[in-house]
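J.: Pasted the sequence and its predicted model underneath.
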Amino acid sequence: MEPPKLLAAGSGGTDVDISTQRLTVGPWSTRVASLRSLATGEFSALIVVRKGVNLFLRGFDHGASVEVELWSGEPDVSDGLGVVIENYDLAGVARIPVCTCGERGCGNSGVQLAAQMPAGDVPRLVGVLRQLPDLEPLKQRQVEPRPDTWDGTFADSEPRP
């Protein structure tokens, strides 16, 4: 039996279409690099925002929110990415090196952009990430304190650092 064509529809017109490999939120639409659906109704999608900046999304059918994670390549295999805050503004996107303990999650914890957000904020998030410059990779946690990083929240359609 073939899986249903539409895997997710959230308030605000969020649809994931397997046949066209597209994510649509209201009038905004983008092609996704990969798309998976599970028997539980969960879906995951990877959006290539720009070279070296990939947004991984996970959600449920008819869900109003999605989980997002920012990666430099494939999730859980490549370096995580954080959005650095400087002077109360978003400064850019920085790679997070693997921790000296060898656990990727350890180095990413609290620094990588990983959040649950309303599905309707995904187009804004992609737009912000496309405009931010790349920064130097962050130093390992043991070397120096890390800068503040953005948690992906918006207020009045603007990023809230």
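T.: Received it, and whenever you're ready, just let me know what you need. Numbers count the residues shown, from 1 in each chain.
J.: Can you report how many residues lie near W150?
T.: If you count neighbours by other Cβ atoms under 10 Å, W150 ends up with 21. C-beta: built from backbone N, CA, C; applies to glycine.
J.: quick one, what contacts it?
T.: By Cβ atoms under 8 Å, 6 or more residues apart in numbering, W150 lies in contact with G82, V83, V84, I85, L90, L113, P159, P161.
J.: The closest residue to it other than its chain neighbours sits in which helix or strand?
T.: Spatial nearest neighbour of W150, chain neighbours left out: V83 (4.0 Å); criterion: Cβ to Cβ, 6 or more residues apart in numbering. Assigned by DSSP states H and E, V83 belongs to strand 80-86.
J.: Can you name the secondary structure element that comes next after that strand?
T.: Using DSSP H and E, the helix or strand that follows strand 80-86 in sequence is strand 89-96.
J.: tell me which strands and helices that following strand is in contact with?
T.: strand 80-86 (3 or more Cβ pairs under 8 Å, 6 or more residues apart in numbering; DSSP states H and E).
J.: contacts for the strand it packs on?
T.: Strand 80-86 has contacts (Cβ under 8 Å, 6+ apart) with 53, 69-72, 90-96, 104, 107-108, 111-114, 128-129, 132, 135, 138, 147-150, 152, 161.
J.: Quick check on those: which are buried?
T.: 53, 69-72, 90-91, 93-96, 104, 107-108, 111-114, 128-129, 132, 135, 138, 149-150, 152, 161 (16 or more other Cβ atoms under 10 Å).
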